[in-house]
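Okay, predicted coordinates and the sequence, questions at the end:
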Amino acid sequence: MSKHIEKLKKQLVEVAEVVNSFQSEAVQVRIIDRLLEVMIESEKVDADGSELFSKKGRRMRSDDENTATAGRKKPGATKILNQLLNTDFFDISRSISSIANYCKDNFDSDFKTSELSGILLKLANEHKLRRERSNENNRFEYIKA
């Protein structure tokens, strides 16, 4: 076990300079999170030896996993938020968490609030949405501009 920890420490030291070059702590966390996911997956493969990976470390779909929806991808956060702009969804103030929950329930897309926040800010800067602080919880809410 300690051998794995020492290996992990060495790898983290190697990438620390690159990760720290990003000013956004959120970006740093996402990079480290992704690196750890890839490392965990690669260790699982080393143990199993049965899964195929692409160059980026993602598992390739085997023939028996192909489904009717394999060719279709879920729409991304930007596309869904732009679709919601064309409806009456933003006629009332919505918090980021309520938007994420709505996307999960209605679009089967489990977005983190951090994935939505940048897109919502961009829409606010483009004057498509208004960004206002809630008096109740001091968090931002979004409403159609």
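Nice, thanks for sending it over. Predicted model only: the values in this text are computed from it and were never measured.

going forward, measure contacts between C-alpha atoms and count neighbours the same way
Fine.

Give the other helices and strands that the helix or strand of the chain with the lowest mean pLDDT contacts.
Of all the helices and strands that make up the chain, helix 25-48 has the lowest average by mean pLDDT, DSSP states H and E, namely a mean of 76. Using 3 or more Cα pairs under 8 Å, 6 or more residues apart in numbering; DSSP states H and E as the contact criterion, the elements in contact with helix 25-48 are helix 2-20.

Mind telling me what element the residue nearest to the spatial centre of the chain is part of?
If you average the C-alpha coordinates of the chain and look for the closest C-alpha using Cα atoms, centre = their mean, you land on residue 115, 5.0 Å from that point. Residue 115 is part of helix 113-125 when elements are defined by DSSP states H and E.

What angle do helix 25-48 and that helix make with each other?
On the basis of axes from the mean of the first three to the mean of the last three Cα atoms, to 10 degrees, helix 113-125 is oriented at 140 degrees to helix 25-48.

nearest spatial neighbour of the residue nearest to the centre of the chain, skipping sequence neighbours?
By the measure of Cα to Cα, 6 or more residues apart in numbering, the closest residue to residue 115 outside its immediate chain neighbours is residue 77, 7.4 Å from it.

what about that neighbour, distance to residue 19?
According to Cα to Cα, to the nearest Å, residue 77 stands 25 Å off from residue 19.

what's the answer for residue 9, then?
The span separating residue 9 from residue 19 equals 14 Å under the rule Cα to Cα.

And this protein, what are its domain boundaries?
Residue ranges for the domains of the chain, per automatic domain parsing: 2-61, 77-144.

chain center to stretch 25-32, what's the gap?
Averaged C-alpha coordinates place stretch 25-32 at 11 Å from its chain's average position (Cα atoms, centre = their mean, to the nearest Å).

Show me the contact partners of it.
Residues outside stretch 25-32 that contact it (Cα atoms under 8 Å, 6 or more residues apart in numbering): 19, 20, 22.

ok, the last one to residue 144 distance?
This points to residue 22. From residue 22 across to residue 144, the span is 32 Å (Cα to Cα).
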